[in-house]
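Participant: everything below, folded, please.
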Amino acid sequence: MKFSVEKYKSINSENINKMVLAFYMRILGEDNDVSKIFVSKLGDDINSELWQEHIGILTNFWAMITLDDTAYTGNPLATHLSLPLKKEMFGLWISMFYETIDSLYIDRLGSVFKNRADIIAGNFMRNMRL
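Facilitator: The predicted model follows:
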């Protein structure tokens with residue numbers, strides 16, 4: 001028997017944080033090039049100080065994107081320029097991100113995250129010449 005989970009019907013800082021955490025737990029649960037990049041930079045313990053800082057930054061980032069929150073002040077492209085990224089990794093990242101979003105948000109809200117993630121990935125690949 002399959003149980004349905006009540007999906008979020010609104011976007012707020014609390015469920016954005018849960019989404020970010022769920023996404024990175026998914027990343028750490030995989031053995032692929034994307035997970036290897038994160039483990040090499042942040043380690044494999046999601047409870048570590050480095051991971052908690054990263055989760056906070058990404059929570060603020062997605063709150064800026066979806067809620068017009070002003071807590072995020074970083075430059076995401078600059079942060080990624082020094083990483084050994086390949087075009088295929090963006091497809092894998094998007095796939096895992098979509099799966100996370102689909103499991104947590106109703107379709108109408110999930111499309112907000114997915115549309116923006118597509119734009120961001122496209123901009124990154126263009127700017128990184130991938």
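
Participant: low-confidence ranges in the chain?
Facilitator: 1-4 (pLDDT under 70).

Participant: so which bits of the longest helix along it are buried?
Facilitator: The longest helix of the chain (DSSP state H) is helix 107-127. Across helix 107-127, burial judged by 16 or more other Cβ atoms under 10 Å covers 109-110, 113-114, 117, 120-121, 124-125. The C-beta positions use only the backbone N, C-alpha and C, and glycine is treated the same way.

Participant: just give me the closest of these to residue 79.
Facilitator: For the buried residues of helix 107-127, the closest approach to residue 79 (Cβ to Cβ) belongs to residue 124, at 10.3 Å.

Participant: about what we covered before: now render the buried residues of helix 107-127 as TSV, adding distance to residue 75.
Facilitator: Shown next, in TSV, are the buried residues of helix 107-127 (distance: Cβ to Cβ, whole Å):
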residue	distance to residue 75
109	26
110	26
113	20
114	23
117	17
120	13
121	16
124	12
125	17
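
Participant: which one of those is nearest residue 28?
Facilitator: Using Cβ to Cβ, the buried residues of helix 107-127 come closest to residue 28 at residue 117, 18.9 Å.

Participant: leaving out sequence neighbours, find the closest residue to that closest one.
Facilitator: With sequence-adjacent residues excluded and distances taken as Cβ to Cβ, 6 or more residues apart in numbering, residue 117 is closest to residue 97, at 5.4 Å.

Participant: check residue 62 too.
Facilitator: That would be residue 16: by Cβ to Cβ, 6+ apart, it lies 4.9 Å from residue 62.

Participant: host element of the residue nearest to residue 117?
Facilitator: Element membership for residue 97, per DSSP states H and E: helix 87-104.

Participant: that helix - contacts with which helices or strands?
Facilitator: Secondary-structure packing of helix 87-104 (3 or more Cβ pairs under 8 Å, 6 or more residues apart in numbering; DSSP states H and E): helix 13-28, helix 33-42, helix 107-127.
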